[in-house]
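Chemist: task: produce atomic coordinates for the following.
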Amino acid sequence: MQKRRLYSSLSGSFFSLFVLIWISSCEPTTSVFDSSDVQSTQKILGVEFTKTEIDTMLTYLERNRKGFDSMRAIPLGNEVFPAVLFDPLPMDFQLPTLPASVNQWPIPQVIRPERDEDLAFCGIPQLAALLRSGQLTSVELTELYLDRLERFDTLEAVITLTTEMALEHA
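Modeler: Numbers count the residues shown, from 1 in each chain. As a prediction, the model looks like this:
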């Protein structure tokens, strides 16, 4: 729990420092960040940093300020639409189409195990065969795994168990 609190406060601190950089970098400037800038920000955020941490931050703050200055050097007109979607594919790139048979694997003939607990150790092709043949329903399978998640919670594999949503989707 302490780690979450620490991460939460650090992420908030770094976000606020980012906002400080952004606000202070609305115009290109030749001024350099100094420790008094970080100390002022500490008061606003209600956090404290050591001298070593402040010295480390100053290096990053200055580098980020220079990065913002270089981005502002690129002229952008008002007609340029902001990037709201990242698409790594080159313009006019077409993904090859695959035949439908590529996405299917052979479904084995499977008989449902006598004990439901044994279903948890079946592979995906076996579970697909049981579902396709009607020997198992998606609700039964969902309930089985939800029960296992509740019983074996010591694994901490799930942050939030949404039982109702899982059953609705099943």
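
Chemist: could I have stretch 114-130 exported to CSV, CA atoms only?
Modeler: This file holds the C-alpha atoms of stretch 114-130, laid out as CSV (Å, rounded to 0.1, in the frame of the first residue of the first chain):
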residue,chain,number,x,y,z
GLU,A,114,-15.7,-35.6,-14.7
ARG,A,115,-14.5,-33.0,-12.3
ASP,A,116,-15.0,-29.3,-13.1
GLU,A,117,-11.7,-28.6,-11.5
ASP,A,118,-10.0,-30.4,-14.3
LEU,A,119,-11.4,-27.9,-16.8
ALA,A,120,-9.0,-25.3,-15.4
PHE,A,121,-6.1,-27.3,-16.8
CYS,A,122,-7.5,-27.8,-20.3
GLY,A,123,-5.9,-25.8,-23.1
ILE,A,124,-7.7,-23.4,-25.3
PRO,A,125,-8.4,-25.9,-28.2
GLN,A,126,-9.9,-28.3,-25.7
LEU,A,127,-12.1,-25.6,-24.1
ALA,A,128,-13.2,-24.4,-27.6
ALA,A,129,-14.2,-28.0,-28.5
LEU,A,130,-16.2,-28.3,-25.3
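
Chemist: in it, which residues are buried?
Modeler: Using 16 or more other Cβ atoms under 10 Å as the test for burial, stretch 114-130 gives 119, 122, 126, 127, 128, 129, 130. Using the backbone N, CA and C atoms, a C-beta is placed for each residue, glycine as well.

Chemist: what do you get for stretch 60-73?
Modeler: For stretch 60-73, by 16+ other Cβ under 10 Å, it's 61, 64, 65, 68.

Chemist: on that earlier part again, got the buried residues of stretch 114-130 as a markdown table, with distance to residue 34 columns?
Modeler: Formatted as a markdown table, the buried residues of stretch 114-130 follow (distance: Cβ to Cβ, whole Å):
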| residue | distance to residue 34 |
| --- | --- |
| 119 | 64 |
| 122 | 63 |
| 126 | 65 |
| 127 | 61 |
| 128 | 63 |
| 129 | 68 |
| 130 | 67 |
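
Chemist: just to revisit the earlier point, just the buried residues of stretch 60-73: which are in helices?
Modeler: The helices, defined by DSSP state H, take in 61, 64, 65, 68 from the buried residues of stretch 60-73.

Chemist: re the thing from before, now distance to residue 90 and pLDDT too, for the buried residues of stretch 60-73, in CSV please.
Modeler: Formatted as CSV, these follow (distance: Cβ to Cβ, whole Å; pLDDT from 0 to 100):
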residue, distance to residue 90, pLDDT
61, 35, 89
64, 29, 89
65, 32, 87
68, 28, 87
